[in-house]
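Participant: give me a model of this one.
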Amino acid sequence: MGGFDLKTTGRKAGTALVNWWRAVSIEALCVAVMWLIGLWLLHVPLFPVWALLGGLMTFIPNFGGVIALIGPVFSILVTGKDLERLGFVLGLYAVIVVIDQLVLQPMLMKRSARVPIWASILAPIVLGIIIPFWGVLLAPPLLAIIYAFRKPKATMQIPPSIPPSQ
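Facilitator: From the prediction side, this is the model:
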């Protein structure tokens, strides 16, 4: 009779969370680089600081990007009434969010935690509706754990061909 092995289960869940953490760390680095290049090209004051914060805010799903935007917007508003540059920063934010949420995060989750792309896009939306704040925050690590415990699909075995009788 198969029993519940806490050590094996804990190890499997822990490995899934480490893989998720690696994926989010790579995602944060990519987002920080995108912010750094974009803010540098737009000559935003303190751009390295805002890029670092932008990368760190990636660890806060969905809300982190908005928080990361506050610093560059404030820098532009304080330095002068340059509404054109402010528009470019808002556009940069939109581009980074689209690349991050629709390309980077699903790709990294699929590669490191074996979470299908459709699940990494759909789960935060569904859990965000069911459990408004916590669902969005917990969806990515929960997906990593759930998919760590899924059994791989069995591959169909083709029986060896029978040699023709002579």
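Participant: for this protein, what helix or strand is lowest in average pLDDT?
Facilitator: Least confident helix or strand of the chain, by mean pLDDT, DSSP states H and E, is helix 105-113 with a mean of 81.
Participant: by contact count, what packs against that one?
Facilitator: helix 6-41, helix 117-130, helix 132-149 (3 or more Cβ pairs under 8 Å, 6 or more residues apart in numbering; DSSP states H and E). Every C-beta, even on glycine, is put in place using the N, C-alpha and C of the backbone.
Participant: nearest to residue 53, of the ones you listed?
Facilitator: helix 6-41 (8.3 Å; Cβ to Cβ).
Participant: buried sites along whichever helix or strand comes after that closest one?
Facilitator: For helix 6-41, the succeeding helix or strand toward the C-terminus, using DSSP states H and E, is helix 47-56. If you call a residue buried by 16 or more other Cβ atoms under 10 Å, then helix 47-56 has these buried ones: 47, 50, 51, 52, 53, 54, 55.
Participant: any idea how far helix 47-56 is from the chain center?
Facilitator: Centre-to-centre, helix 47-56 and its host chain are 17 Å apart (Cα atoms, centre = their mean, to the nearest Å).
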